[in-house]
Structures are given as structure tokens and as C-alpha cells.
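Visitor: The sequence and its predicted three-dimensional model are supplied below.
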Amino acid sequence: MLERNFTIVCDRGCDLPPVYLERAQATVLDDVPHDVTGHVDEVALTQRLVRTYRALAAEGHRRIVSVHSTSSFSPEVSCAQEAAAACAGVADVRVVDSGSASVATGMVLFRLMCHWADDVPFDQAVEAARALSSNVRLLVVPTTSARFARRRSRKPRAGLLGRATSSLRIRISGERGLYLVSRGEITQLARSSELADLTGRLAHAMSAVSASEGPLVYSTVETGDARALRALLKPLDTNEFEARHLGTVSASPQVEKIVGSGAVAVAFAPAGAYWRGTGAPVASEGHSEDSTS
């Protein structure tokens, strides 16, 4: 096994196909512990991460980059930060908060893997991953019954009656939302009972970003609903803006539990920010060819 400048830790919530994680010899948290209510057991997860970092240090991996989705989407990153602090005397653990989720986290992780393969120095690789985290975005259309949609279907200050009325209206009308997950924040952009309307607005949102930030690269996410995936891909097949499709991935069970079965999403970033510091994109053609799962 080749010696590298650092080693990588992540969880399945990045939605990258296993082949990429294996190629980078990443340590993956396969089974995130949950409590009796079904929520992530943050104490147990922090302890598991501490054991993971210490085990890697004992094997000689003293420089570790741990990449996770933003805390507004899942608690892994905050647990990783606590665990990194607990291991300060054992290993240099740098936690990268992707600022987003799902395969947007995967995009940050994939570029970090390229730096790992190219023997980029530890500090430079971490800096590049954090820079990309500030540029990557996720646009997601969860299902109406998903935990994600329920949690953000109302304003936090709404009273009990307002919350009940909002929830009932959404169930009756079948309205879904379009949400942006970026720089650690989740913002609702639109609501509609028509998926095609929401995916059209998603494409227009990407076009607006492209108009100010240049050509894009993007990855699409599906959760087992072929019709929903077609509704997502159709408005993206456009000349309205310049973009390169890196591939479609299936959401992991962890992500699907949050957004719901039948949800769709697009992760994207400005092409210049995505490819920065790694040489020509040709070396990464396999990401487009092999990432459909």
C-alpha cells in the first residue's frame, strides 16, 4: 500500500458509489448508530469516530481529513468535530463541513480523493476541500411525507394551530417544496403540487447561478422513482446554460430516510471551482462514466 500525505474518513451520506471510496482507501462509517426513536445517537457516533481516528493513528495515519454533510442536514459533522478535539494529542484530524449534503458532499469528497491520489500536501488538500465547500450547492425536492419536508414546511415561530394547518394543507394538496442546501443553510425556494414545475424552477435556479458564476458541473440524485428522475433530467437538457453532467447516483438509505423515497436532487458547483488545483478534467472522466448506480 502506497504511503499518502493523509487519509480520509467519511460516511455513506456522501452518496458516492463505493468504488470511489475503495479507490481512495477511505474509512467509511457504514452503520451510523441510532437511538430508540430512530434518530442518530450522537454520543455513540462521537465515540465511534474517536475510536476510528485513534485506530488510524495507531496504524501510522496521523493526518486525517474527515468529510461530512452540514449539521443542518445531519449531525455527523458536529460529532466529527467533537471527536477530532478528543484526539488532538494523537492525530491531526481536520473536519471538512461540506456546507451541503448528499452528493454535494460527495463532490467535495471526490475532489479531495483526487488530491489524495496526486499526493497533494495535507494542508493544501484541506484548504481546497473547504474552498469547494463554499461553492457547492444541493437543490432537492423531497417527498411531502419526508422528515426533511415536515421539518421545514413552516416558519419556526408558527404556533400549534398554524403548524397543524400547514401540515394538513400540504397533505391534501400534495404540495412539494424545492430547497437549497448551501453554506450550511437550508432555504425553501418554491412550493408546487407539480413536480415538473419544481424541477423547471430548479433548472432556472442553476441557470441564474451559471449566469453570474460561469459554466457548471452537476450530479443528479434519485431514490428509486424513474418518473421523478425523468422529470428532473428533462429541464436540465437545455441550452439555457452551460453545464457538464457528472452522472446520476442513488441516494444512500441515510439520505433517503431524510428526503423520502421518490425525492430527487441536483448537486452542482461552478466548473472553475470544482476543477481548481487538480489539473485537466480528463483525469476524472470516470466520474461521469461510472457514477450511475
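Guide: That came in fine, so what should we check first?

Visitor: Span of stretch 242-258 from start to end?
Guide: End-to-end span of stretch 242-258 (C-alpha to C-alpha, to the nearest Å): 31 Å.

Visitor: quick one: low-confidence ranges for this protein?
Guide: Within the chain, the segments meeting pLDDT under 70 span 1-3, 38, 149-173, 278-293.

Visitor: What residue spans form the domains of it?
Guide: With domains defined by automatic domain parsing, the chain comprises 7-133, 137-290.

Visitor: Can I get the ones you listed in CSV including mean neighbour count?
Guide: (Glycine included, C-beta is placed from N, CA and C.) Output for the domains of the chain, formatted as CSV (neighbours: other C-beta atoms under 10 Å):
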stretch, mean neighbour count
domain 7-133, 20
domain 137-290, 17
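
Visitor: Helices of the stretch 151-293 of the chain, residue ranges please.
Guide: Applying DSSP state H, counting those that start in this stretch to the stretch 151-293 of the chain gives helices spanning 160-173, 195-213, 226-236, 253-259, 271-275, 285-290.

Visitor: which residues sit in contact with D41?
Guide: P33, H34, D35 (C-beta atoms under 8 Å, 6 or more residues apart in numbering).

Visitor: show me the residues around the spatially closest residue to D97 that is not a sequence neighbour that make contact.
Guide: The shortest distance from D97 to any non-neighbouring residue, by C-beta to C-beta, 6 or more residues apart in numbering, is to V77 (4.8 Å). Neighbouring residues of V77 by C-beta under 8 Å, 6+ apart: H68, S69, T70, S71, V95, D97, S98.

Visitor: D30 too?
Guide: R12.

Visitor: Quick check: phi and psi on it?
Guide: phi -70, psi -40 (degrees, to the nearest 10).

Visitor: rewinding a little: closest to A226 out of the contacts of D41?
Guide: H34 (29.6 Å; C-beta to C-beta).

Visitor: Many thanks, we can stop here.
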